[in-house]
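Engineer: any chance you could fold what I've pasted below:
(one chain, ligands or ions: 1)
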Amino acid sequence: MITINEKKCSGCGICKSACLFGAIEVRDKKAVVSEACTGCGACAEKCPCKAIEIPETNVGKAEDFDTYKDVWAVLEMDLSRGQLKKVSLELLSEARRLADLSGQKVGAVLLADEMPKGFEENLSYVGCDYAHVVLDEQLKRYHTLDFSNCVVRMVEKYKPAVVLFPATENGRDLAPRVSCALQTGLTADCTALDMDEKGNLVQIRPTYGGNIMASIITPNHRPQLASVRPNVLSIEQAGQKDKPMIFLESGMFTHEEKDCRLLKVSGRENVFQDVAESSVVVVAGYGVGSKENFEKVKRLALKMNAAIGATRKVVDEGWAPFEVQVGQTGKTIAPDVYISFGVSGALQHTIGMQKAKFKIAVNNDPAAAIFKMCDAAILGDAGEIADALLQEIS
Ligand SMILES: Cc1cc2nc3c(=O)[nH]c(=O)nc-3n(C[C@H](O)[C@H](O)[C@H](O)COP(=O)(O)OP(=O)(O)OC[C@H]3O[C@@H](n4cnc5c(N)ncnc54)[C@H](O)[C@@H]3O)c2cc1C
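Structural biologist: Numbers count the residues shown, from 1 in each chain. Model (predicted):
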């Protein structure tokens, strides 16, 4: 919490307007701070009288920045295919770019039960210099404590300057825990990253409902942590690189007693491919009109070996689970082909599918916004066209 130097304070109220948390009042011509203060310091920057003091804290403050180096990415496995998820390579590719900007190396962290297929080749392709790998049967499936303890131990030992996490379901659980344990900052769901001239990672992400882009840095702490959603970054082939060094780590994972244990994994109807990983995604919108028609579009997706996706309205109706929602509060996708049925094309949806290479939309309204951004527009009834396609494909 900030403190006000009453002798210097003129009671101008500029700090009150600068405070994002409504934590400052002006009483008797003096600024007064309430418990809502987060100590963010936005007011101190604006105060013309230099009357605001932010207490120095050493919690988690990196003593010596020079000991922290390299850009790391925490990798995630695609268990169904026994290989790395696409997002892992997207992060490594971005790590390569950031490392080149700042004269550092690229490191990967993998926790798994076995080596992924094509691991070295994939790492070479994106220019990863080395990987720290922990293999254990218990690391087959994500577990909050096992994974976070392991990553924290690894970071404490090797001191990377930057660690990138996938903003997947597991990554969104892991990254904040690691950040708390290391007492350092984390910016979730970045849409772009950069390096400033001081070696700070510039973590860029939309805020206030996407109305502004915030550029966030972690100037006092190391490492700097950021997560990025799948399909936001691209995978670029690196120039000529040596084969990556693979370090098989021991002692990072311990079979410790835990309050929380994975007892069993029970199967669910396995029709939902991961929309973020599939090359063809068929999306059902509210215009399909009913759960029955949603099921029809789902059957079509299955026949096409495509993933089924949905808009938020369809998820809210309970026709589809949240994990297949595409858009701002769902997943970002970048398939080769996107086909929508009864989707209007609201910004919150299109923000999550605009990177699809070829977009086809079915809608019965010629003025639908989705038609303005698609490569092929089919004007007609969603149910009828799904029927016709099902028949054709069968
Ligand atoms: C903070 C916030 C976050 C959000 N996040 C997301 C998100 O992640 N993903 C998301 O999808 N939405 C999100 N939304 C909701 C978003 O704003 C839209 O409400 C939603 O995308 C609309 O879904 P829809 O296109 O399925 O439905 P509608 O907007 O109802 O559109 C239905 C479309 O179907 C057409 N149609 C109707 N009948 C037929 C028929 N018989 N045959 C063919 N076409 C037909 C209509 O012409 C219309 O274009 C978010 C909203 C907010 C405020």
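Engineer: domains of this protein?
Structural biologist: Domains of the chain are assigned by automatic domain parsing as 3-53, 65-248, 280-393.
Engineer: select, out of the ones you listed, the one closest to Thr254.
Structural biologist: domain 65-248 (7.7 Å; Cβ to Cβ). Where you see a C-beta, it was placed from the backbone N, CA and C, and this is true even at glycine.
Engineer: for the residue of the stretch 1-150 of the chain found nearest the ligand, give me phi and psi.
Structural biologist: Relative to the ligand, the nearest point of the stretch 1-150 of the chain is Val87 (17.9 Å; Cβ to the nearest ligand atom). Phi and psi for Val87, reported as degrees, to the nearest 10, are phi -60, psi -30.
Engineer: which one is it nearest to, not counting chain neighbours?
Structural biologist: Nearest residue to Val87 in three dimensions, chain neighbours excluded: Pro230, at 3.9 Å (Cβ to Cβ, 6 or more residues apart in numbering).
Engineer: where in the stretch 151-300 of the chain is pLDDT low?
Structural biologist: Counting by pLDDT under 70, the ranges of the stretch 151-300 of the chain that qualify are 267-271.
Engineer: what does it have sitting close to the ligand?
Structural biologist: Residues of the stretch 151-300 of the chain lying close to the ligand by Cβ under 6 Å from any ligand atom are Gly285, Tyr286, Gly287, Gly289.
Engineer: go with 5 Å
Structural biologist: Counting by Cβ under 5 Å from any ligand atom, the residues of the stretch 151-300 of the chain close to the ligand are Gly285, Tyr286, Gly287.
Engineer: for those, which one is nearest the ligand?
Structural biologist: Gly287 (2.1 Å).
Engineer: list the contacts of that closest one.
Structural biologist: Phe341, Gly342, Val343, Ser344, Asn363, Asn364, Ala382 (Cβ atoms under 8 Å, 6 or more residues apart in numbering).
Engineer: give me the residue from the stretch 51-200 of the chain nearest the ligand.
Structural biologist: For the stretch 51-200 of the chain, Cβ to the nearest ligand atom, closest residue to the ligand: Asp189, 12.2 Å.
Engineer: ramachandran coordinates for that residue?
Structural biologist: phi 60, psi 50.
Engineer: test my guess that it contacts Arg229.
Structural biologist: Yes. Here Asp189 lies in contact with Arg229, judged by Cβ atoms under 8 Å, at a distance of 5.8 Å.
Engineer: and for those two, which residues touch both?
Structural biologist: Ala167.
Engineer: out of those two, which sits in the busier spot?
Structural biologist: Arg229 (22 against 16; other Cβ atoms under 10 Å).
Engineer: not counting sequence-adjacent ones, nearest residue to the more buried one?
Structural biologist: Leaving aside its chain neighbours, Arg229 sits nearest to Ala167 (4.3 Å; criterion: Cβ to Cβ, 6+ apart).
Engineer: with Leu233 instead?
Structural biologist: Ranked by Cβ to Cβ, 6+ apart and with sequence neighbours excluded, the top spatial neighbour of Leu233 is Glu90, at 4.1 Å.
Engineer: hmm, back to that, of the contacts of Gly287, buried ones?
Structural biologist: Phe341, Gly342, Val343, Ser344, Asn363, Ala382 (16 or more other Cβ atoms under 10 Å).
Engineer: surely the fourth one forms part of a helix?
Structural biologist: By that I understand Ser344. No. Going by DSSP: H, G, I helix; E, B strand; the rest coil, the assignment for Ser344 is coil, not a helix.
Engineer: show me where the stretch 251-394 of the chain has helices.
Structural biologist: Using DSSP state H, counting those that start in this stretch, the helices of the stretch 251-394 of the chain run over residues 291-303, 312-317, 347-350, 382-393.
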